[in-house]
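>>> need a 3D model of the following:
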Amino acid sequence: MKRREFISVLGGAVAWPLAAQAQQQPTLGLLSSYEMADWAIKSFRAGLEASGYVEGRNLTVIYRSAEGQFDRLPALAAELVKSQVSIIFATGSPVPARSAKGATPTIPIVFAYGGDPVNDGLVASFNRPGGNVTGATFIGTALTAKRMGLLRDILPHVSDVALLVNPNGTLAEGQIAEAKAAAQALGLALHIVNATSESEFDEAFATMRRLKVGAFFPSTDPLFGLNGRGLHITMAYRYVIPAICNGRVDAVLGGLVSYGPDLADTWRQAGVYVGRILKGEKPSELPVVQPTKFELVINLKTAKLLGIDIPPAILTRADEVIE
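Alright, predicted model coming up:
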């Protein structure tokens, strides 16, 4: 979805609960580290609509994307603040939310990403965020060990695996540490393979082939999923390397298996929070939303193409089987 599609200059006005903006239509500033996928935007808009806000009817949206250049985020956040937006939605990693928080101590900020907002310095606690920041997390960085366990169950003969990471990403260090611990516990040899942009994917997968890895794990990073293109899954197909993925969207695109929370629901919940805050609730009093449901999705079509037999016990556990 292109930037111009997000920018709405709207006529009309609606009643606004904050006295200082009582005669103005609210404006949402959307700050993202990468261009967002259509499915994520659709889910976010569904949450807004559930709270009574529709872009183009009673809400103006200004979109700013760093397009992978994280050093641009502080200036983009300052630009949104200067535009006097009513609220900022920051997504793609903790950096957009940090940049927004650094740009304003008063404008409400709602985030959606896969890390720990307490450790990342965004909120004081999950239950009582404090300040002007709250949001939703899909805790993607805490599930690597679970996904490695699934790999061991599905491909018990595999001894070497790869973790595909963006070394410039803010979530890489923690995921590498968790992956190393999980691999050691399972007796797997873990190889860290780097890619800082889509242009480096071909080299990354060529490296995996040289290392003779039996499967790979894309780390939780906007480069490997937020834009919705799924190029890393396409490359996995080309190099015939099974992908153990973070969410359903990658399994649908052709990943062998995925385990994680309902990512679309995370963005929907963030949209709901934006609406609630626009109606007058305080971000400091809205607990950070955490996922309660985790989905195991198996792409049986991919398994057959790769010559992999999924154990019946795993198929029975699956929430969804793609055939």
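
>>> for the rest of this, base every contact and every neighbour count on C-alpha atoms.
OK.

>>> off-centre distance for stretch 69-78?
19 Å (C-alpha atoms, centre = their mean, to the nearest Å).

>>> list the buried ones in that stretch?
70, 73-74, 76-78 (16 or more other C-alpha atoms under 10 Å).

>>> tell me the confidence at the nearest residue to residue 206 once chain neighbours are set aside?
Excluding its sequence neighbours, the residue lying closest to residue 206 (C-alpha to C-alpha, 6 or more residues apart in numbering) is residue 239, at 7.6 Å. With respect to pLDDT, residue 239 scores 94.

>>> quickly list the domain ranges of the protein.
3-139+263-285, 141-261+294-322 (automatic domain parsing).

>>> worst mean pLDDT among these?
It's domain 3-139+263-285: among these, that one has the lowest mean pLDDT, namely a mean of 86.

>>> quick one: that domain to chain centroid distance?
The answer for domain 3-139+263-285 is 14 Å, by C-alpha atoms, centre = their mean.

>>> likewise stretch 313-323?
For stretch 313-323, the distance to the chain centre is 24 Å (C-alpha atoms, centre = their mean).

>>> next: stretch 201-213.
On C-alpha atoms, centre = their mean, the centre of stretch 201-213 falls 25 Å from that of its chain.

>>> which residues in it does the neighbour count mark as buried?
Buried, per 16+ other C-alpha under 10 Å, within stretch 201-213: 201-202, 204-205, 207-208, 213.

>>> those in helices, which ones?
Those of those mapping onto helices are 201-202, 204-205, 207-208, per DSSP state H.

>>> quick check, nearest of these to residue 173?
Distance to residue 173 across these (C-alpha to C-alpha) is lowest for residue 204, with 18.2 Å.

>>> please name the residues that touch the closest one.
164, 193-195 (C-alpha atoms under 8 Å, 6 or more residues apart in numbering).

>>> neighbour-wise, which one of the residues you listed leads?
residue 164 (25 neighbours; other C-alpha atoms under 10 Å).

>>> which ones are touching it?
192-195, 204, 216-219.

>>> what lines up beside the helix or strand hosting it in the sheet?
Per DSSP states H and E: residue 164 is located in strand 160-165. Strand 160-165 has the following strand partners under DSSP bridges: strand 189-194 (parallel), strand 215-218 (parallel).

>>> centre of the chain versus that strand, how much separation?
19 Å.

>>> now swap in stretch 233-242 and tell me
21 Å.

>>> begin at 35, not 1, for the rest of this chat.
Got it, first residue is 35 now, which makes that one stretch 267-276.

>>> how close does residue 195 get to residue 324?
Between residue 195 and residue 324 the distance is 29 Å, computed by C-alpha to C-alpha, to the nearest Å.

>>> likewise residue 129?
Remark: distance between residue 129 and residue 324 (C-alpha to C-alpha) = 19 Å.

>>> neighbour count: the two, which is higher?
Shown here are residue 129 and residue 324; by other C-alpha under 10 Å, residue 129 has more neighbours (23 against 15).

>>> tell me where the stretch 135-284 of the chain has strands.
143-147, 167-171, 194-199, 223-228, 249-252, 278-279 (DSSP state E, counting those that start in this stretch).

>>> pick out the residue closest to the middle of the protein.
By C-alpha atoms, centre = their mean, the chain has its centre lying nearest to residue 147, at 4.6 Å.
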